[in-house]
Structure formats: structure tokens, C-alpha cells
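Visitor: structure for the following, please:
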Amino acid sequence: MKTIIINATGAKAGGAKQILLSCLMSIDQDEMNNNKYIVLSPLVEEDIALSSTNIELIRLSTSSIWTFLFSTFFVFLYALRYKSRTIISFNNVNAFFLKRWFDLTTYFHQLKAVESSEIDLRMKLIRKNISLLKGTTVIVQSHFVKKRFREYFGLNYEVIVAWPGIRKINQTCDSRYIYGLIEEIKLEYQYVAVWPVSMVYSPHKGFRVLWSLSKKLEKLNVAIVVPGI
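Guide: Okay, the predicted model is just below:
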């Protein structure tokens, strides 16, 4: 059985936490049976229904520079402990010095690292780390991010476009409710837009700005659906 380290120590709340949960819940049953998943994150068992004994949660939380240091260096200690040669990092960076012997996959979602000219130390460290991950796999959210990533870091990466936070609606009741709701909104508004933010009250999400524009949007016949409320 293959052991896979999932490093998500920075996924405390909001979109990061939801993406991790959705990723775990979407693991194929055959993969679940054939692999052992060691999840390093702030998650507790109450956060996810563990239907498989092949997922082991190790509660571990990091922030800022400590997330970078753990993901770059100290995650290796867990790989040794669990005899794993595969590390999936949700923290934008990974243990680059292991790439010759390990299968490394990095979920890159910090667009600021490739967009901004004026960056802080953390962004500089992310840039340096990724530049040393050539030859490994990088997951990004969209083709736009893939394009910007390749423009900045070059083509020596396997860049895969995927959105691990999306979960298909399979239940009939959910489908009917959601599609019915959209149809009701369409009766009153010409345009319907979805603002996909899980924690709208986090200041950096900009919900106050959206709220301040609500009257103008209403005059333009635009309805905003906010699932996070």
C-alpha cells in the first residue's frame, strides 16, 4: 500500500479548508483502498466523516513563515516516519530538495507571487521555492493562472488545471433546490452572478465592497448569489 502525505497545515478556515475537505471527499474508492493518506492539517475528525480507515488526521497548524519552513523542510520528518515517497502540498510550496527521490505535487493558489512587482519576504520565498521545483507537478485553479505561472516560472513543470473545491451536485433534492432557486431569481433579474466565497465575513474577501455596490447592481438588473452566507 502506498502512503501519501497531504500537507495542508495552513488550511485553517474559509476556502482553503473547504478545498481540502472537498479534495478528501472526492478521492476515488479504488485509490482510497490502495493508498494510505496522512493528512497534516488543523482538521479534526468532526470536520469530516471518516468513512475509511485509510485516512489518518494529524492535527497540525502553521501560519505565515512557519508554513513555508514546515512545507519546505520539516514535512520531510513525517515522510520518514510514515515511509512515504509522495507529498501533496496545499501550501503553495514544497520540499524541493526531495524532488529527485519523491513524487511532489504542489497546489499553487498565491497569484500575488507572479502578479505583483512589489512583494514581501513571504512572496519572495514562495517564488524561490517554486523556482526550485522544476520537473514536478503543480496544480492551479484556472487556465489564466496556468498562463501567468508559465510566463513567470517557465515551462519545466507539469501544470494541471483543476479546482479541488468544486463538488458535483448528485443528490436530486439538492439539484432541484438550486436550479429552482436560480429560476426564481431569473424571473426578477436579467443577470445572475454567483460569488463563490465560503467565509464572506473575512475582511480580505471584500464582501463590504460588494454590499456597497448592491443598489447599483440592482439598478443594472443584476442579482448576486452568495452561497457563503
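Visitor: contacts and neighbour counts: CA atoms only from here.
Guide: Fine.
Visitor: which element is the closest residue to Ser64 other than its chain neighbours on?
Guide: Spatial nearest neighbour of Ser64, excluding adjacent residues (Cα to Cα, 6 or more residues apart in numbering): Arg122 at 7.3 Å. Assigned by DSSP states H and E, Arg122 falls within helix 121-131.
Visitor: would you put the C-alpha positions of that helix in CSV?
Guide: Extracted C-alpha coordinates of helix 121-131, given in CSV (Å, rounded to 0.1, in the frame of the first residue of the first chain):
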residue,chain,number,x,y,z
LEU,A,121,9.6,38.4,2.1
ARG,A,122,7.0,35.6,2.1
MET,A,123,6.2,36.1,-1.6
LYS,A,124,9.9,36.1,-2.4
LEU,A,125,10.3,32.8,-0.5
ILE,A,126,7.4,31.3,-2.4
ARG,A,127,8.9,32.4,-5.7
LYS,A,128,12.3,31.0,-4.8
ASN,A,129,10.8,27.7,-3.6
ILE,A,130,8.8,27.2,-6.8
SER,A,131,11.8,28.0,-9.0
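Visitor: which residues touch that helix?
Guide: The contact list for helix 121-131 (Cα atoms under 8 Å, 6 or more residues apart in numbering) reads Ser64, Ile65, Phe68, Thr72, Asn92, Val93, Asn94, Phe96, Lys112, Ala113, Val114, Phe153.
Visitor: and with 10 Å instead?
Guide: 64-65, 67-69, 72, 91-97, 106, 108, 110-114, 116, 118, 136, 138, 152-154, 156-157 (Cα atoms under 10 Å, 6 or more residues apart in numbering).
Visitor: follow-up on the earlier one: if I look at the residue nearest to Ser64, how far off is Phe153?
Guide: Distance of Arg122 to Phe153, given as Cα to Cα, to the nearest Å: 17 Å.
Visitor: more crowded one of those two?
Guide: Shown here are Arg122 and Phe153; by other Cα atoms under 10 Å, Phe153 has more neighbours (17 against 14).
Visitor: in what helix or strand does the residue lying closest to Val159 once chain neighbours are set aside lie?
Guide: Residue nearest to Val159 in three dimensions, not counting chain neighbours: Val138, with 4.8 Å by Cα to Cα, 6+ apart. In the assignment (DSSP H and E), Val138 maps to strand 137-140.
Visitor: neighbouring strands - and their directions - for that strand?
Guide: Strand pairing for strand 137-140, using DSSP bridges, gives strand 103-107 (parallel), strand 158-161 (parallel).
Visitor: I'd like to know which of those strands is closest to Ala13.
Guide: strand 103-107 (16.6 Å; Cα to Cα).
Visitor: only C-alpha atoms, please: export that closest one in CSV.
Guide: Output in CSV follows, covering the C-alpha atoms of strand 103-107 (Å, rounded to 0.1, in the frame of the first residue of the first chain):
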residue,chain,number,x,y,z
ASP,A,103,6.8,12.4,-6.1
LEU,A,104,5.9,16.1,-5.3
THR,A,105,2.7,17.8,-6.2
THR,A,106,2.1,21.4,-5.2
TYR,A,107,-1.2,23.3,-5.2
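Visitor: now whatever helix or strand comes next after that strand: average pLDDT?
Guide: Where DSSP H and E defines the elements, the next helix or strand beyond strand 103-107 is helix 112-115. Averaging pLDDT along helix 112-115 yields 88.
Visitor: and if you look at stretch 149-162?
Guide: Model confidence over stretch 149-162 averages 95 on the pLDDT scale.
Visitor: buried residues in that stretch, which are they?
Guide: For stretch 149-162, burial by neighbour count (16 or more other Cα atoms under 10 Å) applies to Phe149, Phe153, Tyr157, Val159.
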